[in-house]
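[1] whatever this is, show me its structure:
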Amino acid sequence: MSAIDPLRRGQGAGRRFRAIEPIARSSEEEAAARPEPEDEFLKCSYRPPGADFFCWKYGVWYGLMDCCYRHERRTFSGCADCGQGASNLKVNRGRYFALHPRGGRTGRR
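    You can find the predicted model right below:
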C-alpha cells in the first residue's frame, strides 16, 4: 500500500510522487499490540419478578408494557426516540392499547 508523501506539497495532477511503504510488523508484534477482548456482562443482573424485558440502552430488566408506555407517552427523554421501544410498541400495539386506552394525554402531538 502506498501513500502520497505529506512533506512534499504542490503535487498536482501529472506530477510524480514518492511512495512511502508501511513497515511490516512481525506476527509476534501484532499479537502483542492487539488487546484481549473483554467479556461482556449485563449491567444489571437482578431480574425482579414479572420483568419480561431487558433494556439494552440502560441495562435494566422491567416489564415490556412499561417500555411501550415510556416510549409512547414520552415520559423520559431517553425512551422517547428509542428504537427498541418503537419496535416493542409496534409488535405489541394491540395488547398495549387494550391495557392503556387512547383516551388520556399521549406524548405524540
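[2] contact partners of stretch 78-96?
    Stretch 78-96 is contacted from outside by 53, 55-58, 64-65, 67-72, 74, 107, using C-beta atoms under 8 Å, 6 or more residues apart in numbering. In short, each C-beta sits where N, CA and C put it, glycine included.
[3] mind running it again at 10 Å?
    Residues outside stretch 78-96 that contact it (C-beta atoms under 10 Å, 6 or more residues apart in numbering) are 53-58, 64-74, 76, 97-99, 107-108.
[4] of those, buried ones?
    53-55, 64-73 (16 or more other C-beta atoms under 10 Å).
[5] how about the strands of this structure, start to end?
    53-55, 60-62 (DSSP state E).
[6] thinking again about what came up before, what's the farthest-apart pair in the buried ones among the contacts of stretch 78-96?
    Among the buried ones among the contacts of stretch 78-96, the pair separated by the greatest distance (C-beta to C-beta) is Phe54 and Arg73, at 20.7 Å.
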